[in-house]
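Visitor: fold the following for me, if possible:
(one chain, ligands or ions: 2)
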Amino acid sequence: LERTFSILKPDATARNLTGAVNAVIEAAGLRIVAQRRIQMTTKQAETFYAVHKERPFFGELVSFMTSGPVVVQVLEGENAIAKYREVMGATNPANAADGTIRKQFALSVGENTVHGSDAPETAAVEIAQFFSGNDIVG
Ligand code: GTP
Ligand code: MG
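Guide: Numbering: from 1, shown residues only. Ligands and ions are numbered 1, 2, ... in the order given. A predicted model of the protein is given here:
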C-alpha cells in the first residue's frame with residue numbers, strides 16, 4: 001500500500017467542509033491513517049511550497065495557506081498518490097471533472113480545497129514535515 005500527504009485547505013475548514021471532503025476520500029477507498037488540525041505558520045507554508053517560490057502567486061499562496069486552520073492528513077491505499085490526484089480533480093476547478101473534490105467544493109485556482117502529493121519522493125518529504133512515524137496508524 002502506498003501513502004500520500006493531503007491538506008484540507010483553509011477554504012475547506014472555513015466552510016465546515018472537512019467531513020464532506022473526508023467522505024469523498026473514504027468513498028474512493030483511501031484510508032485516513034493520520035490526521036491533525038493545525039494553524040500553519042508562514043515559515044511552514046514557505047517550506048512546504050518552496051518549489052513554487054519563484055512563481056508569481058507564491059505570496060498569495062502562502063498567505064492563503066496561513067489564513068485559517070488546515071487539516072493535514074496521511075492517506076493510504078493502492079496507488080494512493082495517483083488515486084488521490086484523480087479524486088481531487090484539476091488544480092483549477094473550472095477544469096475539474098464531475099464528481100471530483102475540486103469540482104464540488106473549490107472556489108478558485110487558489111482556494112482549491114485540497115492538496116495532494118504528486119510523486120512518491122514528494123509524498124515522503126511532505127509527510128515527514130508534519131508527522132512522525134508514531135502519528136501514523138495504518
Ligand atoms: P497541489 O496539490 O496543491 O500541489 O495542487 P496542484 O499540484 O494541482 O497545483 P500546483 O502544484 O501547480 O500548485 C500548487 C498550488 O498553488 C495549487 O493547488 C494552488 O492552490 C496554487 N496555485 C496554482 N496556480 C495558482 C494561481 O495561478 N494563483 C493562485 N493564487 N494560486 C495558484
Ligand atoms: Mg502540486
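Visitor: could you pull out the strands for the chain?
Guide: Ranges of strands within the chain are 2-8, 31-38, 70-77, 114-116, based on DSSP state E.
Visitor: ok, which of those strands comes nearest ligand 1?
Guide: strand 114-116 (3.7 Å; Cβ to the nearest ligand atom). Where C-beta positions appear, they are placed from N, C-alpha and C, glycine not excepted.
Visitor: listing partners with orientation, what would you give for the closest one?
Guide: When pairing is defined by DSSP bridges, strand 114-116 lines up against strand 2-8 (antiparallel).
Visitor: report the contact partners of the closest residue to Pro93 other than its chain neighbours.
Guide: Distance criterion Cβ to Cβ, 6 or more residues apart in numbering; nearest residue to Pro93, sequence neighbours excluded, is Ala106 at 3.7 Å. Ala106 makes contact with Asp11, Gly89, Pro93, Ala96, Asn112, Thr113, Val114, according to Cβ atoms under 8 Å, 6 or more residues apart in numbering.
Visitor: close to ligand 1: what parts of the protein are there?
Guide: His52, Phe57, Glu60, Leu61, Thr91, Val109, Gly110, Asn112, His115, Gly116, Asp118 (Cβ under 6 Å from any ligand atom).
Visitor: who's in contact with the third one?
Guide: So that's Glu60. Contacts of Glu60 (Cβ under 8 Å, 6+ apart): Gly110.
Visitor: that one and Gly138, how far apart?
Guide: 35 Å (Cβ to Cβ, to the nearest Å).
Visitor: go on, the fifth one?
Guide: Plainly put, Thr91 is 29 Å away from Gly138 if you go by Cβ to Cβ.
Visitor: what does Gln39 give?
Guide: Applying Cβ to Cβ to Gln39 and Gly138 gives a distance of 27 Å.
Visitor: out of those two, which sits in the busier spot?
Guide: For the pair Gln39 and Gly138, the greater number of neighbours falls to Gln39 (12 against 9), based on other Cβ atoms under 10 Å.
Visitor: thinking the more buried one is in contact with Thr66, fair?
Guide: Yes - look at Gln39 against Thr66 with Cβ atoms under 8 Å: they come within range, at 7.5 Å.
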